[in-house]
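Participant: Everything below, folded, please.
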Amino acid sequence: MIKLRYCILLLLLSIAFSLPSPASAHTNNSEGYSTIEVKEKSLDYELKLDLEELGHALNKETDQKQLINHKVVQEYINSHIKLFADSERVEGSVIKSDIKMIKERPFAVINLQYNIKHKPEKLVVEYNMFFDESDPSHANFATVKLEGKQQEKVITFESRELEIGEISLFKNVKQFVVLGLEHIFTGYDHILFVISLLFGALTIRHILSLVTAFTIAHSITLALATFDIVHLPSRFVESAIALSIIYVALINIFNKDSKHQPWLAFGFGLIHGFGFAGILSEMRLDPNHMAASL
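Facilitator: This next block holds a predicted model:
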């Protein structure tokens, strides 16, 4: 009987010593509050977070001095909360921070501003604060106000996204026409490749066959990547695009009578399509208008 008591006592002591000390423990079931208001040229975001949990996430004791360091807090928030205005991601700047008591606990109150070109028709919020790092039980009570509409949601580990509004078909098409034109006139790697291909093309028919083969292949991989069917590492894609330009350029230099075949344009076009897919991966495409976007 005495041995049993000693065993129970030792077990209780071992459990007690294994518990985290008050200095190292952090909040469980922490709470946060989000209020986002969409204006003509900006998104105003008031974010309230449990101060102790924020300090744990930043790996430091968070106090008023730490909150004044807007850069550290801003980088952390932008990497864990993504806002998409009409599919395009926007990043916020911390303009003010403070500490307030909520439910007898200290909370960091952080005001962020997201600059936008025009008032969006649709806003999507992807929230990933604390979930995967320190507190899977964290919950954020979010409210978004847009065009007289208000969307409310409790964001949790299992449900991390909130969206309000819908992009019109006209605006969606216009947006991607502009994006496509920008891609054509600023995609110097693609332009260099196509120009290199066209050396030695003596007829309109040959030129059209090369450009068409490249465009079809480019579009195939763009669609595959956009629909999340195929993905390649960005380093591999960028290196392969550079090598495609060098390869075709070297053929032009050492074989003056070179006449590139459409299969070559098609093969390398498949790789070039992944280059633009990298841009689209940074956007939150509306599934209702996916075909029009492509």
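
Participant: Would you agree G92 is in contact with H80?
Facilitator: No - applying CB atoms under 8 Å, one finds G92 not in contact with H80, separated by 11.5 Å. Any C-beta I mention is one placed from the backbone N, CA and C, and that applies to glycine too.

Participant: So what's the gap between the helix or strand containing V173 and the chain middle?
Facilitator: Assigned by DSSP states H and E, V173 belongs to helix 169-186. The chain centre lies 20 Å from the centre of helix 169-186; the measure is CA atoms, centre = their mean, to the nearest Å.

Participant: now swap in stretch 234-247 and tell me
Facilitator: Using CA atoms, centre = their mean, the offset of stretch 234-247 from its chain centre is 24 Å.

Participant: Can you show me the CA trace of that stretch as PDB?
Facilitator: Only the C-alpha atoms of stretch 234-247 are listed here, as PDB (Å, rounded to 0.1, in the frame of the first residue of the first chain):
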ATOM      1  CA  SER A 234       9.400  28.200 -60.000                       C
ATOM      2  CA  ARG A 235      13.200  27.800 -60.100                       C
ATOM      3  CA  PHE A 236      13.000  24.900 -62.600                       C
ATOM      4  CA  VAL A 237      10.500  26.900 -64.800                       C
ATOM      5  CA  GLU A 238      12.700  30.000 -64.800                       C
ATOM      6  CA  SER A 239      15.800  28.100 -65.600                       C
ATOM      7  CA  ALA A 240      14.100  26.100 -68.300                       C
ATOM      8  CA  ILE A 241      12.800  29.300 -69.900                       C
ATOM      9  CA  ALA A 242      16.300  30.800 -69.900                       C
ATOM     10  CA  LEU A 243      17.800  27.600 -71.400                       C
ATOM     11  CA  SER A 244      15.100  27.600 -74.100                       C
ATOM     12  CA  ILE A 245      16.200  31.100 -75.200                       C
ATOM     13  CA  ILE A 246      19.900  30.200 -75.100                       C
ATOM     14  CA  TYR A 247      19.300  26.900 -77.100                       C
END
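
Participant: Any buried residues in it, and which?
Facilitator: In terms of neighbour count (16 or more other CB atoms under 10 Å), stretch 234-247 has its buried residues at V237, A240, I241, S244, I245.

Participant: and if you look at stretch 78-92?
Facilitator: N78, H80, I81, K82, L83, F84, A85, D86, S87, V90, G92.

Participant: same deal with stretch 157-166?
Facilitator: L162, E163, I164, G165.

Participant: Next: stretch 93-106.
Facilitator: Quick answer for stretch 93-106 (16+ other CB under 10 Å): V94, S97.

Participant: Mind telling me what element L224 is part of?
Facilitator: Assigned by DSSP H and E, L224 falls in helix 204-226.

Participant: how close does the residue nearest to N140 when sequence neighbours are not counted sit to F276?
Facilitator: Take N140 and drop its neighbours on the chain: the residue closest to it by CB to CB, 6 or more residues apart in numbering is G32, 3.9 Å away. Relative to F276, G32 is positioned 36 Å away (CB to CB, to the nearest Å).

Participant: how far out from the middle of the chain is stretch 244-264?
Facilitator: On CA atoms, centre = their mean, the centre of stretch 244-264 falls 37 Å from the chain's centre.

Participant: now stretch 102-112
Facilitator: 26 Å.

Participant: Can you pull out the residues in contact with it?
Facilitator: Identification of contacts with stretch 102-112 by CB atoms under 8 Å, 6 or more residues apart in numbering yields 31, 33, 44-52, 54, 62, 67, 73-74, 77, 92-101.

Participant: Which of these fall in strands?
Facilitator: 31, 33, 44-50, 93-101 (DSSP state E).

Participant: Run the angle between the one helix or strand L243 maps to and helix 204-226 for me.
Facilitator: Assigned by DSSP H and E, L243 belongs to helix 234-254. Orientation of helix 234-254 against helix 204-226 (axes from the mean of the first three to the mean of the last three CA atoms, to 10 degrees) gives an angle of 170 degrees.

Participant: mind giving me the domain split of the protein?
Facilitator: 31-165, 169-293 (automatic domain parsing).
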